[in-house]
Structures are given as C-alpha cells and as structure tokens.
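> compute the structure for the input listed below.
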Amino acid sequence: MSGSLAVVNCRQLVTLRGPARPRVRSEIGEPGIIQDGALLVRDGRISAAGSYAELKDRISAGTEVVDAGGGVVLPGFVDAHTHLVFAGNRADEFELRIAGATYEQIAAAGGGIRATVRRTRETSEDDLLEAARRHARWFLAHGTTTVEAKSGYGLDVETECKMLRVMRRLGSEGPLEIVPTFLGAHEVPEGCEREPYVDAVIGSMLPRVAAERLAEYCDVFCEPHIFPAPAARRILQAARGLGLGLRMHADQFTLSGGAKLAGELRTATADHLEHTDAESMDAMAAGGVQPVLLPGSVYALGLRGYADARAMIERGLAVVLATDFNPGSSPTASMPMVLSLACTQMRMTPAEALTAATVNAAYSLGRGPQIGSLEAGKRANFVVYGCGDYREIPYHFGVNLVTGVWVRGAPAQL
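Below is the predicted model:
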C-alpha cells in the first residue's frame, strides 16, 4: 500500500510497545496504552504512534484520515496455532460429545482427525482453497490479521502438499497473512502402523516439503497413543536438519513428556500443555520455549483442565494464546472469545491475554520485529473496535466489537 494514512480519534491506542523480544513476568501486563491516540502510516508501515496532540501537526495535506470514532485501536491479533485448511466439519461429533462420548472414543470409532482426513483427501485443491477463503474471512472479521496454519489432514505426501499449496495461494491473495507449518505427524493414518508411518514422514514427506519450500515449521502431535516422545524426537530432529523451525502439540491429554522434549530440543513453542507439570514448565523455561495455550479446545471438548497460565507467567515463560481453530476440538476463529476464556478460566488479566495474542504470538512465529505491536517501522496491521476500553473486548464474550481491519495500511474487506 502506498501513500499516507492517519488514524485519529482513538480513545485508547493500545500499542503493546516495549522491549524487542517476547514479554515476560510483569511486562506481559503492560499494554502501552496512549489515551486520545493517533497512528501515522506510510507505505503500509507505521511511521509514528502517539497522542493526537503530539502528532496532529505531522498530518500532511493529502493524507487519508481514518476516524476511529472514539474507539479502541489494537494491533491485529496474531493467531499462532490454527488448522486453517480442511474439508467439511464435524458437527455430528459435537452432538456425540454432548451425549457423553469422549474425544478418544470418537477417534476409535473412525471419527476425529481421520474423518477429516478422508474428506480432505477427496477434495480438490481449488475447493479446499475456497473453504479456506471462507475461514480467512472469519479470522479477519474478528480482528486477526496473521495466522499460523498447520497441515495434518492429509497424512500422505500428496494431500499434505496440497494443503500447504492452498496456504501459499491464500497467503498470496491476502489480506490474511499466513505462516505455514507441516503437521504430517498429526495422527497415524488408517491402515498404517506407527513406526512405518514415522519413517514415511521422515523419508518422503519432510524432504518433499522442504524441497518445495512449502512450510516454515514442522509440528508433531506428541501423545503416548499417537506419537510418543521418542518418535516425536526423531521427526523433529529430521525437520531441523532440513532447515525447518520446530513446534509441538504437547501434554494435551496426558503428561506425555512433550513439554520436556520441547525444552530439550529448544523448539519455538509447545502448544496445549493442559497436563504439564512444574518440572516440564522449568524445562521449557530453560529451553526458551514459548507456551501456546489453547483454552478454546478445552471449552469445546467440555473439559475442565485448563493450562496453568499463572504458573507459566510466574516462571518467566512468554505465554501465547491462540484459537486452535479446527473442525473437531475448537471450531472458532474468534480470538476475542479466546481472550475471554483466558481471563475467566485461566485467570489471566485482560492486558496479559492481549499481549499473549499479539506481540508474544508474533515472536513465537519469528515475526516480532514486523508485527504484533503498533510501533514505528512495523507493518500497519491494526483493528478498530467499537468500545471505549480494551477490557471490553474479553468482557463482552461472544460479541464482535470489530468495526474495521487494516493490513499493511489497507482496509480489509470483511
């Protein structure tokens, strides 16, 4: 986007300004609010953020002026854990869970991830792209401007690559910015044994993904009944050898050793962590691992055991919040709803939750210098909310207060 833009009449400009790294301990609760703020944008990047009184004389003739209407302006949310691309839905399983079926029982009966795999394999790349466009609109409408997106509903080399190509195509269209992750180790496909499948992930899938530069990261679903820690280690070490960054699904259903492995391998993130203990948290802290907490999946599965965000913050871990958007266990693209769950169920303050869903998430994706806060030099990814206080965003759960979204200084069509 070329040209200049001025955003004015911001009752609160929530900048998330601060040190050029993920925010920890007390820093995570410092949102950098400027009352009666203004934002200046030039060629898609922020040139200044401050009070209107400080910046008004820098608004030149010919500058496009956006009136925030006395609302709140935030950085676009950065959703660091999504399953953006898939075919169909699993509303039937939603009803089964209401009747008492567990996630594991549904999977054992042929549902769960494998059900989505069957549909995704049968769906063309163009049809998957159209479905993903719909999902992208949902994210943008709720204030998210960047997502990490995982494959994992193919479980064979051709379908995994098909999903990753859809992400590339969707990202090139914009405006939603997409960070692709290879998750071939999401489940063991029907008709396969674990060890031969691990060999296939390492021997054929990962080299193909790396050669075609389809992903930035590799993820593994580390659980004893799916990919236990030794198998996860093999896959992640192979991925690192091919130049991919590392992420993990860890300790979601059991204390699997996943978080400890993340600390040992110094992965970028360990995600879920509902069953992580103090020793595992210490291992993550020692390894510089960012925990990505996904309260939406706990809620949607009807469970009670949320991750211990307070203990993680007290240990100096740079906590991240994400939706875990997927067709089975967290079918939401609403980061404001995730913030509300983080506040009410994990006792994070609104400021901590906001930091976790913006600047900390950006650093977990290697994009902290570019996005996640409203500071000079960063991309002008920002959202206007029709409220007077940022705390109203998690307070009004289930209510979408977004009135406008801009990506690289250009308005997104909602």
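> next one: Ile201 from Glu122, what distance?
Wrong residue type there; residue 201 is Val, not Ile. 22 Å (Cβ to Cβ, to the nearest Å). Any C-beta I mention is one placed from the backbone N, CA and C, and that applies to glycine too.
> helix or strand: which one has Tyr197?
helix 194-200 (DSSP states H and E).
> packing partners of that helix?
For helix 194-200, the packing partners by 3 or more Cβ pairs under 8 Å, 6 or more residues apart in numbering; DSSP states H and E come out as helix 229-241.
> with only the CA atoms kept, save the helix it packs on in CSV.
Taking C-alpha atoms only, helix 229-241 is exported to CSV below (Å, rounded to 0.1, in the frame of the first residue of the first chain):
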residue,chain,number,x,y,z
ALA,A,229,8.3,-38.6,22.7
PRO,A,230,10.9,-40.9,21.1
ALA,A,231,9.0,-40.8,17.8
ALA,A,232,8.4,-37.1,18.1
ARG,A,233,12.1,-36.5,18.7
ARG,A,234,13.1,-38.4,15.5
ILE,A,235,10.7,-36.4,13.4
LEU,A,236,11.6,-33.0,14.8
GLN,A,237,15.4,-33.7,14.6
ALA,A,238,14.9,-34.6,10.9
ALA,A,239,12.9,-31.5,10.3
ARG,A,240,15.5,-29.3,11.9
GLY,A,241,18.2,-30.9,9.7
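> run through who's touching it.
The contact list for helix 229-241, computed with Cβ atoms under 8 Å, 6 or more residues apart in numbering, reads 182, 185, 194-195, 198, 201-202, 206, 218, 220, 222, 227, 246, 248, 256-258, 260-261, 265, 267.
> before we move on, back to that, just the mean pLDDT for the helix or strand just after the helix holding Tyr197, thanks.
Later in the chain than helix 194-200, the nearest helix or strand by DSSP H and E is helix 206-211. Average pLDDT, helix 206-211: 98.
> which parts of helix 206-211 are buried?
Across helix 206-211, burial judged by 16 or more other Cβ atoms under 10 Å covers Leu206, Arg208, Val209, Ala210.
> between Val201 and Glu122, point out the one with more neighbours.
Taking neighbours as other Cβ atoms under 10 Å, Val201 and Glu122 compare with Val201 leading, 25 against 11.
> that one touches Ala185, doesn't it?
Yes: proximity of Val201 to Ala185 meets the contact threshold set by Cβ atoms under 8 Å, at 5.5 Å.
> quick revisit: pull out the buried members of the contacts of helix 229-241.
Going by neighbour count (16+ other Cβ under 10 Å), these have 182, 185, 198, 201-202, 206, 218, 220, 222, 227, 246, 248, 256-258, 260-261, 265, 267 buried.
> among the residues you listed, name the ones in helices.
Val198, Leu206, Gly258, Lys260, Leu261, Leu265 (DSSP state H).
> so the fourth one touches Ala283, yeah?
It stands for Lys260. Yes: Lys260 lies in contact with Ala283 (Cβ under 8 Å); the separation is 4.6 Å.
> can I get the ones in helices among the buried ones among the contacts of helix 229-241 in TSV including distance to Leu74?
Output for these, formatted as TSV (distance: Cβ to Cβ, whole Å):
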residue	distance to Leu74
Val198	42
Leu206	37
Gly258	32
Lys260	35
Leu261	34
Leu265	33
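> between which two of the residues you listed is the distance greatest?
Spatial extent of these (Cβ to Cβ) is set by the pair Leu206 and Lys260 at 23.1 Å.
> how's this structure carved up into domains?
Following automatic domain parsing, one gets these domains for the chain: 4-75+370-411, 77-364.
> deepest-packed of these, please.
Mean neighbour count (mean count of other Cβ atoms under 10 Å) peaks for domain 77-364 among the domains of the chain, with a mean of 21.
> how far does that domain stretch from start to finish?
Separation of the first and last residues of domain 77-364 by Cα to Cα, to the nearest Å is 13 Å.
> low-confidence ranges in the protein?
Scanning the chain with the threshold set as pLDDT under 70 gives 1-2.
> go again using 90 as the cut-off
By pLDDT under 90, the weakly predicted segments of the chain are 1-3, 97-98, 102-112, 413-414.
> three-state assignment of Leu129?
Three-state call for Leu129 (DSSP: H, G, I helix; E, B strand; the rest coil): helix.
> once you drop chain neighbours, what's closest to it?
Nearest non-adjacent residue to Leu129, counting by Cβ to Cβ, 6 or more residues apart in numbering: Val166, 5.0 Å away.
> the one you found belongs to a helix?
Yes: under three-state DSSP, Val166 falls within a helix.
> if I read this right, it contacts Thr120, doesn't it?
No: judged on Cβ under 8 Å, Val166 makes no contact with Thr120 at a distance of 10.0 Å.
> other SSEs contacting whichever strand or helix holds Val298?
Element membership for Val298, per DSSP H and E: helix 295-300. Here helix 295-300 touches helix 335-346, going by 3+ Cβ pairs under 8 Å, 6+ apart.
> and for the helix it packs on, what's in contact with it?
With Cβ under 8 Å, 6+ apart as the criterion, helix 335-346 contacts 77, 79, 142-144, 293-296, 298-299, 306-310, 321-323, 332, 348-350, 352-354, 356-357, 393-401.
> using PDB, write out the CA atom coordinates for it.
C-alpha atoms of helix 335-346 as PDB (Å, rounded to 0.1, in the frame of the first residue of the first chain):
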ATOM      1  CA  MET A 335      -9.600 -14.500  19.300                       C
ATOM      2  CA  PRO A 336     -11.800 -12.200  21.500                       C
ATOM      3  CA  MET A 337     -13.600 -15.400  22.700                       C
ATOM      4  CA  VAL A 338     -10.200 -17.000  23.500                       C
ATOM      5  CA  LEU A 339      -9.200 -13.900  25.400                       C
ATOM      6  CA  SER A 340     -12.400 -14.100  27.400                       C
ATOM      7  CA  LEU A 341     -11.700 -17.800  28.300                       C
ATOM      8  CA  ALA A 342      -8.200 -16.900  29.200                       C
ATOM      9  CA  CYS A 343      -9.400 -14.300  31.600                       C
ATOM     10  CA  THR A 344     -12.300 -16.200  33.200                       C
ATOM     11  CA  GLN A 345     -10.800 -19.800  33.200                       C
ATOM     12  CA  MET A 346      -7.000 -19.200  33.400                       C
END
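> what about it, distance to the chain center?
Distance, stretch centre to chain centre, for helix 335-346: 14 Å (Cα atoms, centre = their mean, to the nearest Å).
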